[in-house]
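*Asks:* coords please:
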Amino acid sequence: MGIENDTIDIENAMNEVADRIKVLSKNMCIGVIVQGFNEHTGEVTLSLQVVTPKLKHYSYRLIEASSKDFLERFPVNLKLFAKHPSNHQNASCKDTASLRSTLKDYSDSPITQLILNHLISLGALVDEYLDESIELTLNKNRLKDQFQVNNPNRPITLKKIILSSHFSSSENEWLKVVLGSQIKIRCSGFVNGEVIEHTIALISLVSPYHARPVFDLNLIFPSISEMNIFKNSATTTLNYEFELITNSEDVVFSLLVEKNTLKAH
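*Replies:* Residues are numbered from 1 along each chain as shown. Have a look, this model is predicted:
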């Protein structure tokens, strides 16, 4: 077998394992092959990195193939990296057949499954606490909108309010609408029927820097202190209602809300 074919077979064998990572991790991780060269040892390396996008693309080096000679690729040394160095596994492969066999053993190893299970669990945890964006629309024909949150220990964040109906109008026009409009937020779903309310007078959001009716709020609702007061009386589901109060006829507000962004302690 020629040198070029040896190189291709080694890379193909590593890529086959990389492809299996997605299946083994239940689509939580992807396998990426990274080539390197150690100047001190003269080793050429191909590293299989397990990348977890949900963990801000956290990368874990799982398997490394290395050869002492840049030209003569075999023998190839393989290493399976465990969480603790004492559990690392090493093997020397003299040809493509033994390389593929060892790589399969490594991909099926309890060490690999333990690492992937850990990353799967962390990814699922991130999913649970992941911001979920919701866009609500309020107008004269739809003065109220609502949604539910199944995690009662977490407030929502009102990120942005846009007067979309007057986005391109002159300042005099959209200021009149903002002046006569309010948005009321209610949170209900407590054992004793408590309701937490907050009213936003939109004119209070206007500053000299507003050339367009776009307001960035990052308003946490209910507040952390309110959540702490009522968290013991919350049911499994909280209901959030948004109501537009306005004296303008032709008006449309768009609201961007994120669910489950912070946890009350």
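*Asks:* tell me, what residue is most central in the chain?
*Replies:* The geometric centre of the chain, computed from its C-alpha atoms, lies nearest to Lys54 (Cα atoms, centre = their mean), at 4.6 Å.
*Asks:* Asp250: neighbouring residues, count only.
*Replies:* 9 (other Cβ atoms under 10 Å). C-beta here means a position set from N, CA and C on the backbone, and glycine is covered the same way.
*Asks:* apart from its neighbours in sequence, what residue is nearest it?
*Replies:* Nearest residue to Asp250, sequence neighbours excluded (Cβ to Cβ, 6 or more residues apart in numbering): Ser165, at 6.3 Å.
*Asks:* repeat for Asn192
*Replies:* For Asn192, ignoring the flanking residues on the chain, the nearest one in space by Cβ to Cβ, 6+ apart is Ser233 at 5.8 Å.
*Asks:* show me what contacts the one you found?
*Replies:* Applying Cβ atoms under 8 Å, 6 or more residues apart in numbering to Ser233 gives the contacts Phe190, Val191, Asn192, Glu194.
*Asks:* secondary structure element holding the closest residue to Leu205 other than its chain neighbours?
*Replies:* Once flanking residues are discounted, Leu205 sits nearest to Phe215: 4.4 Å by Cβ to Cβ, 6+ apart. Per DSSP states H and E: Phe215 is located in strand 214-221.
*Asks:* now the helix or strand following that strand, how far from the centre of its chain.
*Replies:* As assigned by DSSP H and E, the chain's next helix or strand after strand 214-221 is helix 224-230. Centroid displacement of helix 224-230 relative to its chain, using Cα atoms, centre = their mean, to the nearest Å, is 26 Å.
*Asks:* verify the stated contact: Ser92 with Asn77.
*Replies:* Yes. Between Ser92 and Asn77 there is a contact under Cβ atoms under 8 Å: 5.4 Å.
*Asks:* quick one: the helices in the stretch 51-200 of the chain?
*Replies:* Secondary structure of the stretch 51-200 of the chain (DSSP state H, counting those that start in this stretch): helices at 96-107, 110-129, 171-179.
*Asks:* please name whichever of the ones you listed is nearest to Asn12.
*Replies:* Closest approach to Asn12 among those (Cβ to Cβ): helix 96-107, 8.9 Å.
*Asks:* got the buried residues for the closest one?
*Replies:* Neighbour counts over helix 96-107 (16 or more other Cβ atoms under 10 Å) mark Thr96, Ser98, Leu99, Arg100, Thr102, Leu103, Tyr106, Ser107 as buried.
*Asks:* closest one of the residues you listed to Glu39?
*Replies:* Leu99 (24.6 Å).
*Asks:* what's near enough to touch that closest one?
*Replies:* Per Cβ under 8 Å, 6+ apart, neighbours of Leu99: Asp9, Ile10, Ala13, Ala65, Val76, Leu78, Cys93.
*Asks:* that older thread, my guess is the residue nearest to the centre of the chain contacts Asn27, does it?
*Replies:* No. With contact defined as Cβ under 8 Å, Lys54 does not count as touching Asn27 (10.4 Å).
*Asks:* pLDDT below threshold where in the protein?
*Replies:* 1-8, 69-72, 125-132, 260-265 (pLDDT under 70).
*Asks:* and the longest strand for it?
*Replies:* In the chain, with assignment by DSSP state E, the single longest strand is strand 234-246.
*Asks:* contacts for that strand, please.
*Replies:* Defining contact as Cβ under 8 Å, 6+ apart, one finds that strand 234-246 is touched by 136, 138-140, 143-150, 152-153, 156, 177, 180-191, 221, 251, 253, 255, 257.
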